[in-house]
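> Show me how the following folds:
(chains A, B, C and D)
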Protein chains: 2
Amino acid sequence: MFENLFNYICRYANCSLTIEEQELIKNAFTPKKLRKRQFFLQEGDVNRYTGFIVKGAMRQCCFDAKGVEQTVNFFVEDYWADERESFTLMTPSKYCIEAWEDTQLLMITRQDFLDLAVRIPCISEMFRIMDDRHAIANQKRVNLSIGCSAEKRYEEFTANHPQFVNRFPQHQIASYLGITKETLSRVRKQSVR
Amino acid sequence: MFENLFNYICRYANCSLTIEEQELIKNAFTPKKLRKRQFFLQEGDVNRYTGFIVKGAMRQCCFDAKGVEQTVNFFVEDYWADERESFTLMTPSKYCIEAWEDTQLLMITRQDFLDLAVRIPCISEMFRIMDDRHAIANQKRVNLSIGCSAEKRYEEFTANHPQFVNRFPQHQIASYLGITKETLSRVRKQSVR
DNA sequence: CGATTCTTTGAAAACAGTCAATCTGTGTGG
DNA sequence: CCACACAGATTGACTGTTTTCAAAGAATCG
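Numbers count the residues shown, from 1 in each chain, chains lettered A, B, ... in the order given. Reported below is the predicted structural model:
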């Protein structure tokens, strides 16, 4: 079960882990299983743990001013499931994180993770590179959502996130893209031509 | 001139810098002046330097498929002006960064910055906290742009970024918000009532 | 002052959202 | 195995918002 995590770390940091480091990591993480529709984080709670997804699919969502559900992020294998603001600042989360498939996670608190980074160079390197990529990906998403039509956004989504397309229902994908499920349905119909 | 930078680092990392550390920093950064409308980064170039803005205002922009200019970021005092993807991955930038007022910068390459972080704990701590805040801010911006109307987005913008409102023209702000300048003009007219 | 840039306005068109109804597929219990 | 419920996807008609295009009005700068 830890194999995925070790591979992930080494791939990101472009390094290898000693047996001792692997042991440290194994002791720091707690395995957790969630069934479909179980919550990893509930709205209003502080997100104390981040979870590395070994197997499964999750989504981050909230309810807008009108009480309509909005999906803002998807997570699948090799993603870290957390709500960054709550996790970092220890504030109550405005979002929930819900398992959308039966999911196997490896959980860790922020403090334990930071401690690991001090002891294991690979992990601090991984943090740096993750933050870089995260910042780049977020900027791209902003630029897409402010600069492109619904059609273009869906095109980019299927091109860049094929791993999400068939694992989440269209109404969630529509919400993630900032459009309604009806508009997404029409966009898809067009592009099948 | 370095006072702003030292204050910034100490404020972010919640620490203080020794005289030796201050000297290291002074030697690592290169001051640079830009006049209004001069480019710090041109489209197609690799963004080798990030620039700490001591005084002035800049913006990051690009041209979309139709050749229309899009503003995607604003930078003022105490901001770091760079295009993260190009700066991190050393790839040609799809964006330019332009001075929008006469600007005083302190420039540094990525490698020199990383070297400083190794030598000065405050700097690596600052990186960590900057990345956290950056990730949180970006997520908020995504959520606003996918979930809110033009009016709501402008409201949030003026509330959260008052420092930008009167320093950049409305057509740039409109573009940053993902709406047209005409729509922004109408939104503003409404809200004055 | 004249040129340039920025902002506002109006009218028409395009786009996306809303609401309601229908269709489809899946899984459950009788 | 069928009937049913339920969640998801699609469709149509209508509404409302935003864009587009064109023009004119303000503000700024050399």
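> any idea which helix or strand comes after the host helix or strand of A:L106?
Element membership of A:L106 [criterion: DSSP states H and E] is strand A:103-109. Remark: after strand A:103-109, the chain's next helix or strand is helix A:110-119, criterion DSSP H and E.
> which strands and helices sit next to the next helix or strand after that next one?
Toward the C-terminus, helix A:110-119 is succeeded by helix A:121-147 as the next helix or strand (DSSP H and E). The criterion is 3 or more CB pairs under 8 Å, 6 or more residues apart in numbering or on different chains; DSSP states H and E, and the helices and strands that helix A:121-147 contacts are helix A:2-13, helix A:110-119, helix A:150-160, strand B:69-75, helix B:84-89, helix B:121-147, helix B:170-177. Heads up, the C-betas are built off the backbone N, CA and C, glycines and all.
> Tell me which residues touch the spatially most central residue of chain A, please.
Most central in chain A under CA atoms, centre = their mean is A:F75, positioned 3.6 Å from the mean C-alpha point. Contacts for A:F75 were tallied using CB atoms under 8 Å, 6 or more residues apart in numbering or on different chains; they are A:53, A:57-60, A:81, A:97.
> Turn those residues into a markdown table, columns for pLDDT.
Shown next, in a markdown table, are the contacts of A:F75 (pLDDT from 0 to 100):
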| residue | pLDDT |
| --- | --- |
| A:I53 | 97 |
| A:A57 | 96 |
| A:M58 | 97 |
| A:R59 | 96 |
| A:Q60 | 96 |
| A:A81 | 97 |
| A:I97 | 96 |
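> tell me which of the residues you listed is nearest to A:G147?
A:Q60 (23.4 Å; CB to CB).
> Number of residues surrounding the residue lying closest to that closest one once chain neighbours are set aside?
With CB to CB, 6 or more residues apart in numbering or on different chains as the criterion, A:Q60 has its nearest non-adjacent residue at 4.0 Å, and that residue is A:N73. Number of residues near A:N73 (other CB atoms under 10 Å in any protein chain shown) recorded here: 20.
> got it, and A:Q111?
9.
> Next one: it from A:R48, what distance?
Per CB to CB, to the nearest Å, A:Q111 is found 9 Å from A:R48.
> for A:W80, same thing?
Distance from A:W80 to A:R48, by CB to CB: 14 Å.
> Look at the two and report which has more neighbours.
Neighbour comparison, A:W80 and A:R48: the larger count goes to A:W80, with 18 against 15 (by other CB under 10 Å).
> What values do phi and psi take at the more buried one?
Backbone torsions of A:W80, given as degrees, to the nearest 10, read phi -100, psi 120.
> Isn't it up against A:T50?
Yes. Counting by CB atoms under 8 Å, A:T50 is a contact partner of A:W80 at 5.1 Å.
> and chain A, which residues reach DNA strand C?
Residues of chain A lying close to DNA strand C (CB under 7 Å from any atom of the strand) are A:149-151, A:178-180, A:182-183.
> for these, which one is nearest DNA strand D?
Proximity of the residues of chain A next to DNA strand C to DNA strand D was ranked by CB to the nearest atom of the strand; the top entry is A:E182 with 4.1 Å.
> Count the residues that sit near that closest one.
10.
> tell me the secondary structure for A:C61?
Look at A:C61: counting by DSSP: H, G, I helix; E, B strand; the rest coil, its state is strand.
> Now it. Nearest residue, chain neighbours left out?
Using CB to CB, 6+ apart and skipping the chain neighbours, the partner closest in space to A:C61 is A:T71 (4.7 Å).
> where does chain A have low pLDDT?
A:192-193 (pLDDT under 70).
> Can you tell me the SS state at the residue found closest to A:F113 once you drop the neighbours it is linked to in the chain?
Excluding the flanking residues, the one nearest A:F113 by CB to CB, 6+ apart is A:T50, at 6.8 Å. Following three-state DSSP, we place A:T50 in the strand state.
> Quick check: A:T50 touching A:T88?
No. At 10.0 Å, A:T50 does not count as touching A:T88 under the criterion of CB under 8 Å.
> which residues are in contact with both of those two?
Each of A:R110 lies in contact with both A:T50 and A:T88 under the rule CB under 8 Å, 6+ apart.
> re earlier: so how do I select the buried members of the contacts of A:F75 in ChimeraX?
For the buried members of the contacts of A:F75, the matching ChimeraX selection, counting by 16 or more other CB atoms under 10 Å in any protein chain shown, is:
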select /A:53,57,58,59,60,81,97
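> Touching, A:V76 and A:A57? I think so.
Yes. Contact criterion CB under 8 Å: A:V76 and A:A57 qualify, at 4.9 Å.
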